[in-house]
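# Build me a model from this:
(chains A and B)
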Amino acid sequence: MPSSGRDMLDRAALVHRWDCPAVAEAALPEPKVAEVDAAAAATLRRPYDALRRLIGQAAGLLVLAQTCWRREIVDLPAIAVAREQWREVTATLGDLSAPRGCERQLDNLTRAARLVGACLDALEASATKEKVDVSLALDRIAAAYRLVQLCSIDKLGLAMVDFRQSCCNCAPMTACTSE
Amino acid sequence: MADYSIWVLEYSYVTKYHKSGVLYGAHNQGYVKLPYCYALIKGKNHVAMVDVGYNNKEYGKALGDKFGVENWHSPKEVLAAVGLTPADVDTVFISHAHFDHFGNVEDFPKATFYIQEREVTKWVWAMSLPDRLRWMMVAIDPGDIIRGVDLARQKRLVCVDGPLENVLPNIDLHVAYDSHTFGSMWVHVRNDGKSQSSDAWALAGDLVYVFENVEGPGAVVDVDQMYVPVGLAVGSQENLVMATEAMMKSVGYEARRVIPVHEERLKDRFPSRITADGLRISEICLADGEKSRVR
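Numbers count the residues shown, from 1 in each chain, chains lettered A, B, ... in the order given. Alright, predicted model coming up:
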């Protein structure tokens, strides 16, 4: 089957668009820390952070594929690194049982991991074509981002942006009583 | 003769920001107000911006609750104060990929965005590093990069590899590698159109936060003034100081022509006004025939 047809089938059968109502659900209610065994929730941190970073890597590679390096992108070591890290996080998620109160989060992270893999597949497939088009890969990584974002538990440090060191970070200020 | 008008537009602020963040080594010296701003350049049939701020829908609650960021207003509201709309903006120069500079691209539906390729490539690299090196990944939202992919797909994102002359007529892009970020960019406006301009402005992004980064006290080394790098950087202070030197050289060593957008005291140096929303507009220069937006 021509790859474009396969892509379409994959897309219809497996992947929601990033703005699909099935994906664009409301944020999960943030569990109360007391209800979520903090130690159990902490087990989500590793796959959560790994996926957050993988999404960033994949998105950056898509930018480069579309704007600068076109087909050369598939030969970059960064692709192999992302693949390896994707295999690791997929294995990690496979070994986890859902921490109490975090069943939806684990399910979403698992779905996000599949989408990241699909994004890398689509990127590599796209780069072999005459004209690079990252649309399919973009749909998949955007959906993965949305799913990981839904799993954020701010009070446990599961956040998509690390604001420490950022221009707004005056958190230490609140701990100080004098100048 | 001046081709371009330049304004610095405040869109939000932190009232108490630790001074050591804006000035290297300024420990235990209290706090400064840190305005969040973008720069607007208008002239020669172009409306350009340096950075686009952040999207309050995505970040507002976290920033407000945790860091005391106040009074955010949308580009639509901020630009209205100077008689423009986001749809009027045709060009955006992204100085760096931090969320408060690159976090609101969707509000500019007709703009083409320019960012340094190195800012993207080293971001990919940094995100591949293990957690113990996480310090290099801060303040960037993967969601912003995803929105960058969408821009690229629409042919509205240009990755620039190094300096670029005349990206718009008489406007040049320069890069300071491994400084505030991996590929921080500054914008050089040659307002008299000459290659060796005597009416040039350097829009510094976060390579300079406050006046003291350019005109710092030098008594400790027995000089009147010296460059003092910003406090927040993933790269080196050396690279920040050398970027300051490059910017100063580009404006004939006239410090007032290096524009730090996070500097509250721009209001003391340039004609300014406070809008009905409580945000500042500083008018850096006016093109021939352009009317003032602050008087």
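# Surely residue B:236 is in contact with residue B:177?
No - using C-beta atoms under 8 Å, residue B:236 is not in contact with residue B:177; the gap is 9.8 Å. (Glycine included, C-beta is placed from N, CA and C.)
# These two - which one has more neighbours?
It is residue B:177, of residue B:236 and residue B:177, that has more neighbours when counted by other C-beta atoms under 10 Å in any protein chain shown, with 17 against 13.
# List the residues that contact the more buried one.
Under the criterion of C-beta atoms under 8 Å, 6 or more residues apart in numbering or on different chains, the contact list for residue B:177 reads B:118, B:183, B:235, B:239.
# at 10 Å what do you get?
For residue B:177, the contact set (C-beta atoms under 10 Å, 6 or more residues apart in numbering or on different chains) comprises B:116, B:118-119, B:122, B:162, B:183-184, B:235-236, B:239, B:243.
# Out of these, which sit inside helices?
The helices, defined by DSSP state H, take in B:118-119, B:122, B:239, B:243 from these.
# Those residues also near chain A: which ones?
With C-beta under 10 Å from any C-beta of the partner chain as the criterion, the members of the ones in helices among the contacts of residue B:177 in contact with chain A are B:119, B:122.
# okay if I get the ones in helices among the contacts of residue B:177 as JSON lines plus distance to residue B:278?
Formatted as JSON lines, the entries for these read as follows, by distance: C-beta to C-beta, whole Å:
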{"residue": "B:118", "distance to residue B:278": "37"}
{"residue": "B:119", "distance to residue B:278": "32"}
{"residue": "B:122", "distance to residue B:278": "37"}
{"residue": "B:239", "distance to residue B:278": "36"}
{"residue": "B:243", "distance to residue B:278": "32"}
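# Quickly check the ones in helices among the contacts of residue B:177 for the two that are furthest apart.
Pairwise distances across the ones in helices among the contacts of residue B:177 peak at 16.2 Å for B:122 and B:243 (criterion: C-beta to C-beta).
# quick one, which of those two is more surrounded?
For residue B:122 against residue B:243, the residue with the higher neighbour count under other C-beta under 10 Å is residue B:243, and the figures read 26 against 21.
# follow-up on the earlier one: least confident of the ones in helices among the contacts of residue B:177?
Least confident by pLDDT among the ones in helices among the contacts of residue B:177: that is residue B:122, with 89.
# ok, it - contacts?
Listed by C-beta under 10 Å, 6+ apart, the contact partners of residue B:122 are A:60, B:97, B:116, B:136, B:177-178, B:181-183, B:234-235.
# And the pLDDT at residue 105?
All of this is about chain A. Residue A:105 carries a pLDDT score of 88 in this model.
# not quite, I wanted chain B
You'll see residue B:105 listed with a pLDDT of 94.
# Hmm, it is touching residue B:151, no?
Yes - with contacts counted by C-beta atoms under 10 Å, residue B:105 reaches residue B:151, the gap being 6.1 Å.
# list the residues that contact both of those two?
When contacts are counted by C-beta under 10 Å, 6+ apart, residue B:105 and residue B:151 have B:92, B:111, B:113, B:157 as shared neighbours.
# and which of the ones in helices among the contacts of residue B:177 is nearest residue A:83?
Using C-beta to C-beta, the ones in helices among the contacts of residue B:177 come closest to residue A:83 at residue B:122, 19.7 Å.
# pLDDT below threshold where in chain A?
Filtered on pLDDT under 70, chain A yields the residue ranges A:1-37, A:39-40, A:69-71, A:163-179.
# let's go with 90 and repeat that
In the prediction, chain A carries residues with pLDDT under 90 at positions A:1-45, A:66-79, A:97-105, A:124-133, A:150-179.
# same question, chain B
Of all residues in chain B, those with pLDDT under 90 make up the ranges B:1, B:16-18, B:21, B:25, B:54-69, B:98-100, B:121-144, B:217-222, B:232.
# separation between the residue nearest the centre of it and residue B:92?
With distances taken as C-alpha atoms, centre = their mean, chain B has residue B:205 as the residue nearest its mean C-alpha position (2.7 Å). Per C-beta to C-beta, to the nearest Å, residue B:205 is found 12 Å from residue B:92.
# which residues are in contact with both of these two?
Between them, residue B:205 and residue B:92 share these contacting residues under C-beta under 10 Å, 6+ apart: B:50-51.
# how much space is there between the most far-flung residue of chain B relative to its centre and chain A?
Of all residues in chain B, residue B:222 has its C-alpha farthest from the mean position, at 31.4 Å, by C-alpha atoms, centre = their mean. Distance of residue B:222 to chain A, computed by C-beta to the nearest C-beta, to the nearest Å: 29 Å.
# ok, now which ones touch that residue?
Applying C-beta under 10 Å, 6+ apart, no residues qualify as near residue B:222.
# And it, its phi and psi?
In terms of degrees, to the nearest 10, the main-chain angles of residue B:222 are phi 60, psi 40.
# just residue A:141 next, same as before
phi -70, psi -30.
# The one 5 residues further on now?
With angles defined as degrees, to the nearest 10, residue A:146 shows backbone torsions of phi -60, psi -40.
# That one and residue A:108 touch, don't they?
Yes - under the criterion of C-beta under 10 Å, residue A:146 lies in contact with residue A:108, with a separation of 9.1 Å.
# neighbours around the residue lying closest to residue B:112 once chain neighbours are set aside, how many?
Take residue B:112 and drop its neighbours on the chain: the residue closest to it by C-beta to C-beta, 6 or more residues apart in numbering or on different chains is residue B:156, 5.0 Å away. When neighbours are defined as other C-beta under 10 Å, residue B:156 has 17 of them.
# Relative to residue A:50, how far out is residue B:14?
From residue B:14 over to residue A:50 the distance is 31 Å, taken as C-beta to C-beta.
# Show me what the lengthiest helix in chain A is packed up against.
Counting residues, the longest helix in chain A under DSSP H turns out to be helix A:38-64. Packed against helix A:38-64 by the contact rule (3 or more C-beta pairs under 10 Å, 6 or more residues apart in numbering or on different chains; DSSP states H and E) you find helix A:77-95, helix A:103-127, helix A:135-150, helix B:117-127, helix B:142-153, strand B:157-160.
# Distance to residue B:268 for these - can I get that in JSON lines?
Formatted as JSON lines, the entries for these read as follows, by distance: least, C-beta to C-beta, whole Å:
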{"stretch": "helix A:77-95", "distance to residue B:268": "46"}
{"stretch": "helix A:103-127", "distance to residue B:268": "49"}
{"stretch": "helix A:135-150", "distance to residue B:268": "41"}
{"stretch": "helix B:117-127", "distance to residue B:268": "32"}
{"stretch": "helix B:142-153", "distance to residue B:268": "33"}
{"stretch": "strand B:157-160", "distance to residue B:268": "34"}
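# Tell me which of the ones you listed lies nearest to residue B:31.
For the helices and strands packed on helix A:38-64, the distance to residue B:31 is smallest for helix B:142-153, at 27.6 Å, taking C-beta to C-beta.
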